[in-house]
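Asker: let me see the structure of the following:
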Amino acid sequence: MKGYFLLFLHHHLPFVKHPEFSYFQEEHWLFEAIAEVYVPLIKTVRKLKEEETEVKLGLSLTPPLCEMLADPTLQGKLRQFLDRSLELAEKEIKRTEKEPEFNRLAKMYREHFLSVKEELERLNWNVLNGYRELVEKGAVEIATCGATHGLLPALQPVPESVRTQIKVAVKNYLKHFRRRPEGIWLPECGYYPGLEEELLKHGIRYFFLDTHGLLYSRPFPKFGVYSAVKTPAGGYCFGRDPESSKQVWSSKEGYPGDPWYRDFYRDIGFDLPLEYVKPYINPDGHRTYTGFKYYRITGNVDLGRKEVYIPEKAAERARVHAAHYHFCRAKQAEYLENVMGRPPLIVAPFDAELFGHWWFEGPLFLYHLFKNFSRYRVIRPVTPSGYLNENGELPVSQPATSSWGDKGYFDVWVNGRNGWIYYHLTAMALTLNRLRGLPRTPLNTRLLNQMLRELLLAQSSDWPFLITTQTAKEYAERRLKEHIYNFSKLKQMLDSQKPQESFLRKLEEKNSIFQELNFWEDWG
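Answerer: Have a look, this model is predicted:
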């Protein structure tokens, strides 16, 4: 054994729930992730375990994602999503009868959606049941995240906001997994010195940083990013290895850009006549992805010049790329072990959506990668806690302020386009500070619990990110303004002690995240 390999997959989506609509486009972020990422990953890891292949990895399931996966309303809409997809598959099989190369792909998608539905029925439509099974099998370790993925350094001006993001996250993890988390994926890897002191108060002993967050530590860590680092406060930090990460995530230099892999952007939701696809896209006629994609990346060509996808060729490329990736990690570990005098730790964290959603063949790549780890036994896969338990003597160093966003700090989330958000978040947090002394009446508790939910939902780092990148910008701004307005309206009710029951009940149904929330215990 020349080194350790820590694969970490960050699972996150913002809390989106609209019970007032039978179809809401942004809810499909969740359904697509379940069908393309979460279920395929669960099945892949379970298959490896059944084949007695050593598989160990870490992952995070953020509290908003856990709440959505366990929500009965969204589970019901997920069934409808799959039923529509299967209906479209049957139509596509009939439409392409005289086009064998497309017909076989339509049948492939029918088998895919049937397989997803069968697995979800086995899991009682709750994906969390699948992840719990993998934890029990010893294959997976699950970390938490900020309560609503709030960028903690940006919330630091009101310390109660940071503490609440952590406290609520731990409480929610305990609800879903019946245990306390040992680690956390800091939202956006956003870190500032001293944050780990708050983490340790809640039993969280490790977190992750981007490469420079560890390399700019003081003193410089003896082994760079190729060992976990113990902070002066006592927590442990893992740093991302840039070489192993870029080899996968880069669409231009990495494996996902291979011309034989399935192209994400060419979809029948945009290709076929509107009347044909209308039942499977947004009801207002706005074209969206259906998941039925018949073309491969091909190369640097226009969408209209893409060539037909050949699953067998793509599967072979996934096998070859997994073998190449394993070879590179083995050589990397061999070199580093000679330099360090101890087996290095190679940390490769990714957004989970890369494997299956953006890179359709990603789960198959992971299957072959773990097969290679098990076959050659040069690289040993580990979970974060597994590594820490085996390696007691670790360098002590103070990590640096950092994130894994563009330019390495906080420009993506705090800039001229979205800076206005933080005036409101600060004002709302300070308002909650002033309300702590109110009598603990049933009405006050109910109103303050919902006010805290609205603040937490507004603190999500997804909204400023979407505004900066101009993707779903209108929805992000609408959500932010909605939570700010709701908070203000609830404050008026609190002041007058005259609740508008229909408005309050509607909020409690729609923004129903964290039913276990208790303002008096959880704020600050």
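Asker: how about whatever helix or strand residue 132 lives in as CSV, C-alpha atoms only?
Answerer: Using DSSP states H and E, residue 132 sits within helix 127-136. What follows is helix 127-136, C-alpha atoms only, in CSV (Å, rounded to 0.1, in the frame of the first residue of the first chain):
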residue,chain,number,x,y,z
VAL,A,127,-33.4,8.1,-0.9
LEU,A,128,-32.0,8.6,2.7
ASN,A,129,-32.9,5.0,3.4
GLY,A,130,-30.4,4.0,0.7
TYR,A,131,-27.6,6.1,2.2
ARG,A,132,-28.3,4.7,5.7
GLU,A,133,-27.9,1.2,4.3
LEU,A,134,-24.5,2.1,2.9
VAL,A,135,-23.4,3.6,6.3
GLU,A,136,-24.5,0.4,8.0
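Asker: who's in contact with that helix?
Answerer: With CB atoms under 8 Å, 6 or more residues apart in numbering as the test, helix 127-136 has contacts from 34, 38-39, 42, 45-46, 49, 59, 61, 66, 69-70, 119-120, 123, 140-142, 176-177. To be clear about C-beta, it is placed using only N, CA and C from the backbone, and glycine gets the same treatment.
Asker: and it, how far out from the chain middle?
Answerer: 16 Å (CA atoms, centre = their mean, to the nearest Å).
Asker: which elements pack onto the helix or strand following it?
Answerer: As assigned by DSSP H and E, the chain's next helix or strand after helix 127-136 is strand 140-145. Under the contact definition 3 or more CB pairs under 8 Å, 6 or more residues apart in numbering; DSSP states H and E, strand 140-145 sits against strand 57-61, helix 127-136, helix 159-177, strand 183-185, helix 384-390.
Asker: parallel or antiparallel, which strands does strand 140-145 pair with?
Answerer: Strand 140-145 has these partner strands in its sheet, going by DSSP bridges: strand 57-61 (parallel), strand 183-185 (parallel).
Asker: list the buried residues of the helix or strand following the shortest one.
Answerer: This points to strand 183-185. Sequence order places helix 195-201 as the next helix or strand after strand 183-185, per DSSP H and E. Judged by neighbour count (16 or more other CB atoms under 10 Å), helix 195-201 contains these buried residues: 195-196, 198-199.
Asker: kindly report the same for stretch 443-452.
Answerer: Buried, per 16+ other CB under 10 Å, within stretch 443-452: 444, 446-452.
Asker: dump the strands paired with strand 140-145 into CSV; add mean neighbour count and mean pLDDT as well.
Answerer: Below are the strands paired with strand 140-145 laid out as CSV (neighbours: other CB atoms under 10 Å; pLDDT from 0 to 100):
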stretch, mean neighbour count, mean pLDDT
strand 57-61, 25, 98
strand 183-185, 25, 98
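Asker: among these, which is nearest residue 277?
Answerer: Residue 277 lies closest to strand 57-61 among these, at 32.7 Å (CB to CB).
Asker: domain ranges for this structure?
Answerer: 3-14+56-70+140-242+310-406, 415-522 (automatic domain parsing).
Asker: nearest to residue 103, of the ones you listed?
Answerer: domain 3-14+56-70+140-242+310-406 (13.0 Å).
Asker: list the buried residues of the longest helix anywhere in the chain.
Answerer: Longest helix of the chain, by residue count under DSSP state H: helix 311-340. Of the residues in helix 311-340, 311, 314, 317-319, 321-323, 325-326, 329-330, 332-333, 336-337, 340 count as buried by neighbour count, 16+ other CB under 10 Å.
Asker: flag every buried residue along the next helix or strand after it.
Answerer: Proceeding N to C from helix 311-340, the next assigned helix or strand is strand 345-351, under DSSP H and E. For strand 345-351, a neighbour-count test (16+ other CB under 10 Å) marks 345-350 as buried.
Asker: swap in stretch 74-85?
Answerer: Neighbour-count burial for stretch 74-85 flags 74-75, 77-78, 81-82, 84-85 (criterion: 16+ other CB under 10 Å).
Asker: do stretch 427-441 as well
Answerer: Residues of stretch 427-441 classed as buried: 428-429, 432, 435 (neighbour count, 16+ other CB under 10 Å).
Asker: save those as JSON lines, and put in secondary structure and distance to residue 514 too.
Answerer: Listed next are the buried residues of stretch 427-441 as JSON lines, based on DSSP: H, G, I helix; E, B strand; the rest coil; distance: CB to CB, whole Å:
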{"residue": "428", "secondary structure": "helix", "distance to residue 514": "16"}
{"residue": "429", "secondary structure": "helix", "distance to residue 514": "17"}
{"residue": "432", "secondary structure": "helix", "distance to residue 514": "15"}
{"residue": "435", "secondary structure": "coil", "distance to residue 514": "18"}
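Asker: specify which member of the residues you listed is nearest to residue 160.
Answerer: Nearest member of these to residue 160, counting by CB to CB, is residue 429, at 6.2 Å.
Asker: touching, the closest one and residue 161? I think so.
Answerer: Yes - using CB atoms under 8 Å, residue 429 makes contact with residue 161 at a distance of 4.8 Å.
Asker: now do the shared contacts for those two.
Answerer: Taking CB under 8 Å, 6+ apart as the criterion, residue 429 and residue 161 both touch 155, 455.
Asker: for residue 415, which non-adjacent residue is spatially closest?
Answerer: Nearest residue to residue 415 in three dimensions, chain neighbours excluded: residue 468, at 6.3 Å (CB to CB, 6 or more residues apart in numbering).
Asker: now the buried residues of stretch 443-452 in a markdown table, with distance to residue 168, secondary structure and pLDDT?
Answerer: Formatted as a markdown table, the buried residues of stretch 443-452 follow (distance: CB to CB, whole Å; DSSP: H, G, I helix; E, B strand; the rest coil; pLDDT from 0 to 100):
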| residue | distance to residue 168 | secondary structure | pLDDT |
| --- | --- | --- | --- |
| 444 | 19 | helix | 97 |
| 446 | 17 | helix | 97 |
| 447 | 18 | helix | 97 |
| 448 | 14 | helix | 98 |
| 449 | 11 | helix | 98 |
| 450 | 14 | helix | 98 |
| 451 | 14 | helix | 98 |
| 452 | 9 | helix | 98 |
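Asker: follow-up on the earlier one: and which of the buried residues of stretch 427-441 is nearest to residue 7?
Answerer: Nearest to residue 7 out of those is residue 429 (CB to CB; 36.0 Å).
Asker: just give me the longest strand of this structure.
Answerer: Scanning the chain for the strand with the most residues, using DSSP state E, yields strand 3-11.
Asker: now the element after that strand, going C-ward?
Answerer: The helix or strand immediately downstream of strand 3-11 is helix 28-33, counting by DSSP H and E.
Asker: which parts of the following helix or strand past that following helix are buried?
Answerer: Where DSSP H and E defines the elements, the next helix or strand beyond helix 28-33 is helix 39-50. Buried residues in helix 39-50, defined by neighbour count with 16+ other CB under 10 Å: 39-46, 48-49.
Asker: just the mean pLDDT for helix 39-50, thanks.
Answerer: On average, the pLDDT along helix 39-50 is 98.
Asker: report the angle between the helix or strand bottoming out on mean pLDDT in the chain and strand 3-11.
Answerer: One helix or strand of the chain scores below all others by mean pLDDT, DSSP states H and E: helix 242-249, with a mean of 92. Orientation check (axes from the mean of the first three to the mean of the last three CA atoms, to 10 degrees): helix 242-249 against strand 3-11 gives 50 degrees.
Asker: for residue 394, see how far away residue 65 is.
Answerer: Distance of residue 65 to residue 394, given as CB to CB, to the nearest Å: 31 Å.
Asker: for residue 378, same thing?
Answerer: According to CB to CB, residue 378 and residue 394 sit 23 Å apart.
Asker: repeat for residue 459
Answerer: Taken as CB to CB, the span from residue 459 to residue 394 is 33 Å.
Asker: so what's residue 170 up against?
Answerer: With contact taken as CB under 8 Å, 6+ apart, residue 170 is in contact with 144, 180-181, 202-204.
Asker: nearest to residue 373, of these?
Answerer: Nearest to residue 373 among those: residue 181, at 25.6 Å, using CB to CB.
Asker: great, nothing more from me.
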